[in-house]
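Enquirer: sequence-free structure coming up:
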């Protein structure tokens, strides 16, 4: 935590920080007034799964019986995948004495936790695969984990590609979520007759080059994680893999909508709802973060995109077709 504090040099004024956030992404700052508690939501970047987490979170607050404008107001900021901006946003939440901070994805949650510590502001996280590895499993913080169903994904890939041998994965080396997921893939792959070719990147600008290198190595398919840098350029990835005739498997429903062939993954709206209900307990004083260990959704769903499957010349086994949700491609 001391190392994180060193990063928080020179707190900006609230007005300056929110101006930066508006330049970097969406700015939906709520008008605050009176004694209505402020919930500061920091979303690391904009893509389908994180957006679904946020929408689900708001729905969870409502399902818990809270009313926006009466029981809370929302200060929503988007860091546009910028770690420094995520830190500035978290500092702004602290400066305005938010009653609760919400971090969507690991960098946002880590920044919120660091900024909240001095004032002991509770922090709720979501869309974090490995809270222990991110050191977000103790203190005035709790939330929900989106740990991936890796074995379910490996079973799915084997069913659609019986002859496949090598799975390519691109991941960000600084995202603990992704590092953890890759380690699980590497541990479990041999049980399903696969080897893993993983290429780490340090920035979003390196992702498509990493994809090119894996295509050149002759991987049989790609398995996409919920890595923020990678998901942020999934459209560009699919252009390359479609041209090469290599299937890409996604990790949540929005990735199949964009053109991945199939995937075993979580419903991020439901993850958000679960998180919102936890936050409601903390906000109303029903429980503290320490009373609520972080939660993991154990059940997962299968999603398919029949158009993408057909384009890759794959055959979807009937037993999977009966279990899976067909999402189709976005128009």
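Expert: Yes, it's here. Just so we're clear, the structure is a prediction, and the values are computed from it rather than from any experiment.
Enquirer: Assign residue 216 to helix, strand or coil.
Expert: Here residue 216 is helix, with the state taken from DSSP: H, G, I helix; E, B strand; the rest coil.
Enquirer: Give the burial count for it, as a bare number.
Expert: Neighbour count for residue 216, taken as other Cβ atoms under 10 Å: 9. Just so you know, the C-beta spots here come from the backbone N, C-alpha and C atoms, and that holds for glycine as well.
Enquirer: residues in contact with stretch 285-296?
Expert: For stretch 285-296, the surrounding residues in contact (Cβ atoms under 8 Å, 6 or more residues apart in numbering) are 122-125, 131, 136-137, 139-145, 147, 274, 278, 280-282.
Enquirer: what's the answer for stretch 180-188, then?
Expert: Contacts for stretch 180-188 (Cβ under 8 Å, 6+ apart): 129-130, 133, 147-148, 150-151, 154, 167, 169, 171, 196, 198, 223, 225-226.
Enquirer: Give me the next element, helix or strand, following the helix or strand that contains residue 86.
Expert: Here residue 86 sits within helix 83-95, counting by DSSP states H and E. Using DSSP H and E, the next helix or strand after helix 83-95 towards the C-terminus is strand 100-104.
Enquirer: about what we covered before: filter the contacts of stretch 285-296 down to the ones in strands?
Expert: Residues of the contacts of stretch 285-296 located in strands (DSSP state E): 123, 124, 125, 141, 142, 143, 144, 145.
Enquirer: Tell me how far the last one lies from residue 176.
Expert: Distance of residue 145 to residue 176, computed by Cβ to Cβ, to the nearest Å: 12 Å.
Enquirer: joint contacts of those two?
Expert: 129, 130.
Enquirer: min pLDDT across the ones in strands among the contacts of stretch 285-296, which one?
Expert: For those, the weakest pLDDT value sits at residue 145, with 93.
Enquirer: can you tell me which residues contact that one?
Expert: By Cβ under 8 Å, 6+ apart, the neighbours of residue 145 are 128, 129, 130, 131, 294, 295, 296, 297.
Enquirer: Equivalent analysis for residue 157, please.
Expert: So residue 157 contacts 164, 167, 192, 194, 221, 223, 249 (Cβ under 8 Å, 6+ apart).
Enquirer: who wins for most neighbours among the residues you listed?
Expert: Counting neighbours by other Cβ under 10 Å, residue 223 comes out on top of the contacts of residue 157 with 30 neighbours.
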